[in-house]
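Undergrad: Output the structure for:
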Amino acid sequence: MKGSNRIIVTGASGFIGFNVCKTLLRLGFDVTAITRQFNSKLISENQGNSIQQISVDLDCEDIPKEVLEKNQVIIHCAGRAHVLKNKKNEDFEQYNISNTLATKRLALSAVNAGVKRLIFLSSIGVNGSSNTKPFTEKDIPSPSQNYALSKLEAEKNLQKIALSSELEVVIIRPTLVYGPGAPGNFERLIKWVNKSIPLPFG
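TA: The predicted structure is shown next:
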């Protein structure tokens, strides 16, 4: 079976993608790591020739077909989580480019190359910002932020593509993912805790 032991991981230099790569290598898989720029940390995880790093900006480029054809599975971790601007129209457009349109192009390329499965990291924000009971996959989506809206649109595109092709789509809506080296809001929280200042939480 072609590429039966090789998996593509997009966003491989990000916090989640990097740890997914480490886990796959530990489990004995070969990894094709897709990053915007070369990342020396990934090479340090190399065990023999089990990891191949390819630089592709998914916002405007496609993964080469010859690379996709060597793989059966894509774990799509790449995307935009933050926009450092306050203009709402620019904010949504950047999320749309990185999270919605790039994901759709990747899925169509995967279909064209005969990839069997695409695992998409969406967001729990698709379900909503809060709820009185635990969210489930049966809940009606209720995103309130542009980031979550772009993820929901990406999910819809993937579901349509899956229905019209042989590509199996798996959608995961993770909550906050944390651990050593976690960035973003969790990193800020840790820094405040380390200051030993009482935090204004109820």
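
Undergrad: Could I get the pLDDT score of the most centrally placed residue in the chain?
TA: In the chain, the centroid-proximal residue (C-alpha atoms, centre = their mean) is C77; its distance is 1.7 Å. In this model, C77 is scored at 96, pLDDT.

Undergrad: how near is it to C21?
TA: 9 Å (C-beta to C-beta, to the nearest Å). Heads up, the C-betas are built off the backbone N, CA and C, glycines and all.

Undergrad: Residues in contact with both of those two, list them for me.
TA: Contact criterion C-beta atoms under 8 Å, 6 or more residues apart in numbering; residues shared by C77 and C21: 9, 12.

Undergrad: Surely Y95 forms part of a helix?
TA: Yes: secondary structure of Y95, determined by DSSP: H, G, I helix; E, B strand; the rest coil: located in a helix.

Undergrad: What about it, how many residues nearby?
TA: 25 (other C-beta atoms under 10 Å).

Undergrad: check contacts around it.
TA: Residues near Y95 by C-beta under 8 Å, 6+ apart: 80, 83, 146-147, 149-150.

Undergrad: cool, T103 as well?
TA: With contact taken as C-beta under 8 Å, 6+ apart, T103 is in contact with 76, 79, 120, 154, 157-158.

Undergrad: Tell me the one of the residues you listed nearest R173?
TA: R173 lies nearest to F120 out of the contacts of T103, by C-beta to C-beta, at 9.5 Å.

Undergrad: Any idea what that closest one is bridged to?
TA: For F120, the beta-bridge partners are H76, I171 (DSSP bridges).

Undergrad: measure it to A102 for me?
TA: 11 Å.

Undergrad: Can you read off the pLDDT for G48?
TA: Note for G48: predicted pLDDT of 56.

Undergrad: Same check on the one 5 residues further on?
TA: Model confidence at Q53, given as pLDDT, is 90.

Undergrad: burial of it, as a residue count?
TA: Count around Q53 with other C-beta under 10 Å applied: 19.

Undergrad: Specify the local secondary structure of it.
TA: strand.

Undergrad: Apart from its neighbours in sequence, what residue is nearest S144?
TA: Nearest residue to S144, sequence neighbours excluded (C-beta to C-beta, 6 or more residues apart in numbering): S129, at 5.0 Å.

Undergrad: which stretches of this protein form strands?
TA: Under the criterion DSSP state E, the chain contains strands at 6-10, 30-35, 51-55, 73-76, 117-121, 168-172.

Undergrad: got CSV for the ones you listed, with distance to G17 too?
TA: As requested, the strands of the chain are exported to CSV (distance: least, C-beta to C-beta, whole Å):
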stretch, distance to G17
strand 6-10, 5
strand 30-35, 8
strand 51-55, 12
strand 73-76, 8
strand 117-121, 9
strand 168-172, 13
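
Undergrad: And the ones you listed: which comes nearest S196?
TA: Closest among these, using C-beta to C-beta: strand 117-121, at 34.5 Å.

Undergrad: Cool, thanks, talk later.
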